[in-house]
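Student: pasting a predicted model and its sequence here:
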Amino acid sequence: MNQITTNTLVYTNEKCQGCNRCISVCPVLTANYSVTDGHSHNQRIEVHSENCISCGSCFDACEHKARSFYDDTEQFFNDLRQGERISIILAPAFEANYPDQYHRVLGGLKKLGVNHILSVSFGADITTWAYINYITKNHFKGGISQPCPAVVNYIEHYAPALIRKLVPIHSPMMCTAIYAKKYMKITDKLAFVSPCIAKKTEITDPNTKGYVSYNLTFDHLMEYVRTHNIYGTPTKDEVSYGLGSIYPMPGGLKENVYWFCGEDVAIRQVEGEKRAYEFLKDYQKRIQRNDKLPFMVDILNCERGCLYGTGIEESKSSSEDNYYNIEEIKARSKKNQAFHPFSKILSPKQRLWCLNRRFASLNIEDFMRTYTDKSASISMRMPHASELDSVFNQMKKHTPDERSINCGACGYNNCSEMASAIFNGCNTPTNCIHYIKNEVQEFSLQLEEQNRRILRKNEEMSHFIAEDFETLNLSIDGMLQGNAVNAEESSAISSTMMKTSDFCGILETSFRDIQGLLDKLEKNNENIEKIANQTKIVSLNATVEAARSGDAGKGFAVVADEVKDLAEASRTMAEQSNRNRTEIVEGIRILMSETEELTHSIADINDRLTNLAASTQEVLAEADVVKGISGTVKERLEDLNQHS
């Protein structure tokens, strides 16, 4: 299909919620297409410009007010300010919508520079005259009226076989414009004050030859008028008219034809976005079957006629006032005077004679138009059976029942329409609620299977974990027992080390006592040396005296020598004793130093053993906590397995 564009009269604004209600009321399968918003990732329903017929059905259906439209109001006022010469042709529904403001608004437009103001009611009278003359002279049975541009759009694009049944007479708007240009010789651009969005498509159609330049919808025009206070001296339109003023009413054309042809002619009246296009589909079948057809078909897109057209203000669409206002206009149109086309006192035949006399100067050929088969321009193709089957498979609809659920949640009438929209690129399988339901169900089944796998894994893990916790508990019990033994051994070692420390203290005291005895020995040795020295001196003196005594002193000399030897031996022993004492003192000093270091080491070991004992107690306490947690986790796992 061709690339989708959004350059259209009707467009989606920022309020769209993607609810599909616009799709559900649209008479065209591919006039809407679903997209995903790039920022919010929400679904939006956009308008397909090439396929939209501007029927406005989506405006009534959308509760979110997510559809808006363009017209020429801004361009009209800009051009008027720039000095462009513009005249206005005015839809008869304008007075019915704004009976109290009607004349003042026209005065305001005149004040801004509008030259002529002509009522389309006059053009509607021309249309009625042309319709009756063409149908009766050409025996054009079953002709479809064409004042409604949305209906013409639909036929030209989607039911081209009915083009030959469209009455080849211009709409009241165009008849007014042609009369203004050809018979009144108005050279201004013409602006149509309109209750209809789709009139823009008629204005720009090559078959209308550019007679009208602007479409000013009631909604946008009156908003501009109020904003810029465009009111002036009350002004009236410039031409008189009759029952053309009731064309906006449902059946307005039918009543005009009855007025001039009598009610014996069969006129089929159809209104409403849904009913109108269903009727056209069925009407095409009737023509193909050569079934009985009415004198003509009076068909309008809007259910309540142009009085409540697609381009009127929302506040007006909810009121019944327009009906009562048009009834007053209708009463004024049926003037009670002789030989007037709209006089009540005349018969239909007399009225028609008067109508023909009134427009005798007109050439019906000026008001005839042609239509164009535009079906080739739309980007839509109905899929063949194999193509439709492929789309249904994408939608995961494989059976006839699945393909005919027809819930309507997607906005389409049935599953086949949804599949056709997907085929034309206007939608996606993910917007089918049953596709999503199937996806959810499949996902649910996958989750269930995954849950079953997880439960099996949990059971296996729980079994292994239970065994591991049993082993852990045994290990903790062994650790608790080992820590208890360690605590006892640490306490015993600590007690033994305390005894060793006490022994070191006693040993140190003994060393100090020995040191005291050695000090005394040193003093005794000093005394012995002193005595030995004195004895030696005495011995020397004895020897000297023995030598003096001669033989008598020999014995004494011997004694003196012995004494001397004894003294020498004593001195030598004292010296030896002092040397031994020095070695003993040095040895004791070394032992005392090492004993002191041993004492410090024992004190350090004792401190460490104390810390170890404390840590062991903490480990025992923590092990109890771990064992408690282990038991709790094991119980919970067992409970989980039981409940699962």
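Tutor: Now that the structure is in, tell me what you want to look at. Note that the coordinates shown come from a computational prediction; the quantities given were computed from them, not determined experimentally.
Student: who touches stretch 169-181?
Tutor: The contact list for stretch 169-181 (C-beta atoms under 8 Å, 6 or more residues apart in numbering) reads 87, 89, 91, 116, 118-124, 126-127, 130-131, 134, 146-147, 149, 186-187, 190, 192, 194, 199, 202, 208, 211-212, 244, 247, 362, 366-369. To be clear about C-beta, it is placed using only N, CA and C from the backbone, and glycine gets the same treatment.
Student: end to end on that stretch, go ahead and measure it.
Tutor: 17 Å (C-alpha to C-alpha, to the nearest Å).
Student: state the mean pLDDT of it.
Tutor: Throughout stretch 169-181, pLDDT has a mean value of 97.
Student: so where's the stretch 1-150 of the chain shaky on pLDDT?
Tutor: Scanning the stretch 1-150 of the chain for pLDDT under 70 picks out the ranges 1-7, 38-40.
Student: which residues in it form strands?
Tutor: Applying DSSP state E, counting those that start in this stretch to the stretch 1-150 of the chain gives strands spanning 10-12, 32-36, 43-47, 67-69, 86-90, 117-119, 143-144.
Student: quick one, which of these is nearest to residue 505?
Tutor: With C-beta to C-beta as the criterion, residue 505 lies closest to strand 32-36 of the strands of the stretch 1-150 of the chain, at 91.9 Å.
Student: hmm, who's touching that closest one?
Tutor: 4, 18, 22-23, 26, 42-48, 58, 411, 421, 425-428, 431.
Student: of those, which belong to helices?
Tutor: Among those, the members falling in helices (DSSP state H) are 22-23, 58, 421.
Student: contacting residues around residue 122?
Tutor: Taking C-beta under 8 Å, 6+ apart, we find residue 122 in contact with 176, 179, 239-241, 244.
Student: quick check, nearest of these to residue 299?
Tutor: Closest to residue 299, out of all of these and judged by C-beta to C-beta, is residue 244, at 17.8 Å.
Student: from residue 597, how far out is that closest one?
Tutor: 132 Å (C-beta to C-beta, to the nearest Å).
Student: which helices and strands does the worst-scoring helix or strand of the chain on mean pLDDT pack with?
Tutor: In the chain, no helix or strand scores lower on mean pLDDT, DSSP states H and E than helix 554-643, which sits at a mean of 73. For helix 554-643, the packing partners by 3 or more C-beta pairs under 8 Å, 6 or more residues apart in numbering; DSSP states H and E come out as helix 433-549.
Student: could you dump the strands of the stretch 1-150 of the chain to CSV with distance to residue 231 and mean neighbour count?
Tutor: Shown next, in CSV, are the strands of the stretch 1-150 of the chain (distance: least, C-beta to C-beta, whole Å; neighbours: other C-beta atoms under 10 Å):
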stretch, distance to residue 231, mean neighbour count
strand 10-12, 30, 21
strand 32-36, 39, 20
strand 43-47, 35, 21
strand 67-69, 25, 18
strand 86-90, 15, 24
strand 117-119, 15, 23
strand 143-144, 40, 22
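Student: would you list those in TSV and tack on distance to residue 470?
Tutor: As requested, those are exported to TSV (distance: least, C-beta to C-beta, whole Å):
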stretch	distance to residue 470
strand 10-12	67
strand 32-36	56
strand 43-47	56
strand 67-69	71
strand 86-90	97
strand 117-119	101
strand 143-144	90
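Student: ok, which of those strands comes nearest residue 379?
Tutor: Closest approach to residue 379 among the strands of the stretch 1-150 of the chain (C-beta to C-beta): strand 32-36, 10.3 Å.
Student: what's the angle from that closest one to strand 43-47?
Tutor: Here strand 32-36 points in a direction 140 degrees away from that of strand 43-47 (axes from the mean of the first three to the mean of the last three C-alpha atoms, to 10 degrees).
Student: contacts only, for residue 296.
Tutor: With contact taken as C-beta under 8 Å, 6+ apart, residue 296 is in contact with 131, 135, 142-145, 167, 257, 265, 267-268.
Student: thought residue 123 was touching residue 244?
Tutor: Yes - using C-beta atoms under 8 Å, residue 123 is in contact with residue 244, at 6.9 Å.
Student: so the two - more neighbours on which side?
Tutor: Between residue 123 and residue 244, residue 123 has the larger neighbour count (other C-beta atoms under 10 Å), namely 30 against 27.
Student: so which strand or helix has the residue nearest to that one when sequence neighbours are not counted?
Tutor: Counting by C-beta to C-beta, 6 or more residues apart in numbering, the nearest residue to residue 123 once its immediate chain neighbours are dropped is residue 176, at 2.9 Å. Using DSSP states H and E, the element containing residue 176 is helix 172-178.
Student: which stretches in the stretch 201-350 of the chain count as helices?
Tutor: Using DSSP state H, counting those that start in this stretch, the helices found in the stretch 201-350 of the chain span residues 218-228, 252-261, 273-288, 314-317, 321-333, 348-358.
Student: okay, the ones you listed, which one's buried deepest?
Tutor: Of all the helices of the stretch 201-350 of the chain, helix 252-261 has the most neighbours on average by mean count of other C-beta atoms under 10 Å, namely a mean of 23.
Student: now do it and helix 348-358, the angle between them.
Tutor: In terms of direction (the same axes, to 10 degrees), helix 252-261 departs from helix 348-358 by 100 degrees.
Student: what is the mean pLDDT for helix 252-261?
Tutor: Mean predicted confidence for helix 252-261 is 90.
Student: and that helix, what other elements does it pack with?
Tutor: So helix 252-261, by 3+ C-beta pairs under 8 Å, 6+ apart, packs with helix 120-138, strand 267-271, strand 296-300, helix 348-358.
Student: buried stuff in the very next helix or strand once past the last one?
Tutor: What that stands for is helix 348-358. Per DSSP H and E, the first helix or strand lying C-terminal to helix 348-358 is helix 385-394. By 16 or more other C-beta atoms under 10 Å, the buried positions in helix 385-394 come out as 388, 391-392.
Student: ok, those vs residue 225, which is closest?
Tutor: Using C-beta to C-beta, residue 391 comes nearest to residue 225 of those, at 49.8 Å.
Student: and that closest one, what does it touch?
Tutor: Residue 391 makes contact with 383, 419-420, 422-423, according to C-beta under 8 Å, 6+ apart.
Student: on that earlier part again, so which of the strands of the stretch 1-150 of the chain comes closest to residue 587?
Tutor: strand 32-36 (100.9 Å).
Student: who does the nearest residue to residue 165 once chain neighbours are set aside form a beta bridge with?
Tutor: Spatial nearest neighbour of residue 165, chain neighbours left out: residue 144 (5.0 Å); criterion: C-beta to C-beta, 6+ apart. When bridges are called by DSSP bridges, residue 144 pairs up with residue 166, residue 297.
Student: verify the stated contact: residue 144 with residue 155.
Tutor: Yes - using C-beta under 8 Å, residue 144 is in contact with residue 155, at 7.4 Å.
Student: which among the contacts of residue 122 count as buried?
Tutor: 176, 179, 239, 241, 244.
Student: closest to residue 279 among those residues?
Tutor: Nearest to residue 279 among those: residue 244, at 24.5 Å, using C-beta to C-beta.
Student: show me the contacts for the closest one.
Tutor: 92, 120-128, 172, 256, 333.
Student: from residue 621, how far off is the nearest residue to residue 262 once chain neighbours are set aside?
Tutor: Take residue 262 and drop its neighbours on the chain: the residue closest to it by C-beta to C-beta, 6+ apart is residue 348, 4.2 Å away. Note on residue 348: its distance to residue 621, by C-beta to C-beta, is 115 Å.
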